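> below are the sequence and a predicted model for it; my questions follow.
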Amino acid sequence: MTWNWDYVVESFPAIFQGMWITLGLTIACYLFAMLFGFVWTFVRRIPLRPLQVTIAFIMEFIRSTPPLVQLFFLYYAWPVVPYVGLTLDPITVAIVGLGVHFSTYIAEIYRSGIESIDKGQWEAATALNLSLKDKWTKIILPQAIPPTIPMLGNYLIIMFKEVPLTSTIGVAGMLHMANNFGSKNFAYLEPLTLVAAFFLLMSYPTAVLFRKLEQRMNRRFDKRNPTGKIDKGVVT
């Protein structure tokens, strides 16, 4: 089989259109995961042992199950579940399935950020008699979220590379368009290579950006060097 540039040109418009669907779906899934991650985090902090154990089990089950299986269950099996079954369109299944799956990982990031807050900050919020809302929005979250931004960015990249799984339930993203072109023209090499190139062009610069951001955040929130300044008199 030889490389055919005509197939590249022919498949480009459809794949380029699918790229925007992939990007939009990635953003929607990621926002859902970030919001639902807060739900997991705060529910786990409710001081009821049975509830904490139940939520921890559910989260571990979701993390331990492949996201593709979860997508298939929501799309094919959930509609036939007695009494609670509901038919969902592919986009909704993708957002809910991938969103819930990644929310369990993002919840752990939130938890690590919250637990990194010094005990004195919690005591100060209590001493000031702040409301629960003010305590979290003015004291805890402004300190807990910034150090987790690089890790959250990493999961954005991972989600971007997992979104093609939704092509298996009919979401017309890049991979779906490439497969359609390949099946019609019996040529998979060119369109799939083009998809890989699109993913590389979009994910690699983002990975570099978040790597730089992580280095900056590490310097900024280094408790041994809270100013983030480099002592030029010290030779390492």
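That came through, no problem.

> for Leu130, what are phi and psi?
Phi and psi for Leu130, reported as degrees, to the nearest 10, are phi -70, psi 150.

> ok, it touching Thr137?
No. Here Leu130 does not reach Thr137: they are 9.6 Å apart, not a contact under C-beta atoms under 8 Å. All C-beta spots, glycine's among them, are computed from the backbone N, C-alpha and C.

> looking at these two, which one has more neighbours?
Set Leu130 next to Thr137 and count neighbours by other C-beta atoms under 10 Å: Leu130 wins out with 15 against 12.

> contacting residues for that one?
The contact partners of Leu130, taken as C-beta atoms under 8 Å, 6 or more residues apart in numbering, are 138-139.

> now with 7 Å?
Shown here is Leu130, whose contacts under the criterion C-beta atoms under 7 Å, 6 or more residues apart in numbering are Ile139.

> what is the longest helix along the chain packed up against?
Secondary structure of the chain read by DSSP state H shows that its longest helix is helix 5-44. Helices and strands in packing contact with helix 5-44 are listed as helix 49-64, helix 90-115, helix 149-162, helix 174-185, helix 189-220; criterion 3 or more C-beta pairs under 7 Å, 6 or more residues apart in numbering; DSSP states H and E.

> as a whole number, average confidence for the third one?
If I follow you right, that is helix 149-162. Averaging pLDDT along helix 149-162 gives 90.
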